[in-house]
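[1] have a look at this fold, sequence not included:
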């Protein structure tokens, strides 16, 4: 199996690369401006630099290597950044996706039998204003009403997948990814709490937080990776699928879980910079469709996920890289 992962320099992509290597797959793990400490990734993963906005480079890689599975995870993935840099957010997420599909079309001109499966990392942020209590857990047929430029860029990715499948017959899956976390994650509530707690325990400073009243269904990265692979091999081409945990927790409950894991509490402090212009009150997706079409089921308990993250951040702090 010859597999391409764009965005392997991110938390999800790096775990996916490690998982696929266990299958003895040939993994083309590409990165550009990584968001993780790449020294924490299994050395068996061989990274190659690729900017998905460089269409010539994308074309050359896909035409020369012809991956059978493509996991397109490369993105500007932070809603907060999308408010200050909507231009790059829309370019990376939209144009980068176009480059992947156009590269496949070019490769098919020279080899009509080339027919890879592409899994696009879309997002629950596409639902936006549809994520209201009376509609959750939200289904794939809910209106796409994003509340920030990042969400808009993910709608673009999603609909590009539909368009290239409908008009060109390119096999793809639109994976609508809900909150996902695990070791190496940065800039989400679970990783912010883990890092903040470790620093608070070591320095005596308070742990800063944003809105504690929202509800989030947070899935372990290991379950997410299994879902992406299951969709690539068992999902129906052209379809959109939610990937989400089984339960939504109030953000304050996550904080309490961390205190329980640490065996002590620390002082907390509201940081206004962590508050968003608009914030979905609950993010929770219905996973009936992926469970019906594939053999995937989530296996990891959230408390175990947080324990693994706390251990990871403690180790990173001790090594001076936290």
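    Received it, and whenever you're ready, just let me know what you need. All values derive from a computational prediction rather than experimental measurement.
[2] rest of the way, CA atoms for contacts and neighbours
    OK.
[3] which of the three states applies to the nearest residue to residue 59 once chain neighbours are set aside?
    Leaving out its chain neighbours, the residue that sits closest to residue 59 by Cα to Cα, 6 or more residues apart in numbering is residue 103, at 4.5 Å. With DSSP: H, G, I helix; E, B strand; the rest coil as the basis, residue 103 sits in helix.
[4] and residue 103, how far is that from residue 159?
    In this view, residue 103 and residue 159 are 18 Å apart by Cα to Cα, to the nearest Å.
[5] and the two? Which one has more around it.
    Comparing residue 103 with residue 159 by other Cα atoms under 10 Å, the one with more neighbours is residue 103, at 21 against 15.
[6] residues in contact with the helix or strand harbouring residue 56: which ones?
    Here residue 56 sits within helix 55-65, counting by DSSP states H and E. For helix 55-65, the surrounding residues in contact (Cα atoms under 8 Å, 6 or more residues apart in numbering) are 50, 51, 52, 99, 100, 102, 103, 104, 106, 107.
[7] check contacts around the residue nearest to residue 59.
    Contacts of residue 103 by Cα under 8 Å, 6+ apart are 55, 58, 59, 60, 62, 63.
[8] number of nearby residues for residue 79?
    18.
[9] equivalent analysis for the one 10 residues further on, please.
    Other residues within reach of residue 89 by the criterion other Cα under 10 Å amount to 25.
[10] doesn't it lie inside a helix?
    Yes. Under three-state DSSP, residue 89 falls within a helix.
[11] show the pLDDT at it.
    Looking at residue 89, its pLDDT reads 98.
[12] thinking again about what came up before, export the contacts of residue 103 to JSON lines and tack on neighbour count and distance to residue 198?
    What follows is those, written out as JSON lines (neighbours: other Cα atoms under 10 Å; distance: Cα to Cα, whole Å):
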{"residue": "55", "neighbour count": "18", "distance to residue 198": "42"}
{"residue": "58", "neighbour count": "21", "distance to residue 198": "40"}
{"residue": "59", "neighbour count": "20", "distance to residue 198": "44"}
{"residue": "60", "neighbour count": "14", "distance to residue 198": "44"}
{"residue": "62", "neighbour count": "20", "distance to residue 198": "42"}
{"residue": "63", "neighbour count": "19", "distance to residue 198": "46"}
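[13] which of those residues lies closest to residue 89?
    When the contacts of residue 103 are compared for distance to residue 89 (Cα to Cα), residue 55 wins out at 16.7 Å.
[14] gap between that closest one and residue 61?
    Taking Cα to Cα, one finds residue 55 at 10 Å from residue 61.
[15] check residue 314 too.
    38 Å.
[16] and the helix or strand harbouring residue 121, what does it pack onto?
    If you go by DSSP H and E, residue 121 is part of strand 117-123. Counting contacts by 3 or more Cα pairs under 8 Å, 6 or more residues apart in numbering; DSSP states H and E, strand 117-123 is packed against strand 69-72, helix 149-168, strand 172-177, helix 221-234.
[17] single out the most deeply packed of these.
    strand 172-177 (a mean of 25; mean count of other Cα atoms under 10 Å).
[18] tell me which strands that one pairs with, and in which orientation.
    strand 117-123 (parallel), strand 240-243 (parallel) (DSSP bridges).
[19] what residues does the longest one touch?
    Which is strand 117-123. 68-73, 151, 154-155, 157-158, 161, 170-178, 228, 231-232, 237.
[20] equivalent analysis for the last one, please.
    Applying Cα under 8 Å, 6+ apart, the contact partners of strand 240-243 are 124, 139-140, 158, 173-178, 224, 227, 285-287, 289-290.
[21] domain assignment for this protein?
    The chain breaks down into these domains under automatic domain parsing: 2-180+220-243, 182-216+247-283+300-318.
[22] for the first one, measure first residue to last.
    Meaning domain 2-180+220-243. Note: domain 2-180+220-243 ends 24 Å apart using Cα to Cα.
[23] ok, now the shortest one?
    Across its full length, domain 182-216+247-283+300-318 reaches 19 Å between end residues, using Cα to Cα.
[24] for the record, mean pLDDT for that domain?
    On average, domain 182-216+247-283+300-318 scores 95.
[25] would you map the helices across this protein?
    Along the chain, the segments classed as helices by DSSP state H run 11-21, 55-65, 79-84, 86-90, 96-110, 149-168, 189-203, 221-234, 251-262, 288-293, 302-318.
[26] same for the first one, what does it pack against?
    So that's helix 11-21. strand 2-6, strand 26-31, helix 221-234.
[27] need the contact partners of it.
    Residues external to helix 11-21 that are found in contact with it (Cα under 8 Å, 6+ apart): 5-8, 27, 29, 35-36, 41-42, 44-45, 73, 182-186, 221-222, 224-225.
[28] tell me what angle that helix forms with strand 26-31.
    170 degrees (axes from the mean of the first three to the mean of the last three Cα atoms, to 10 degrees).
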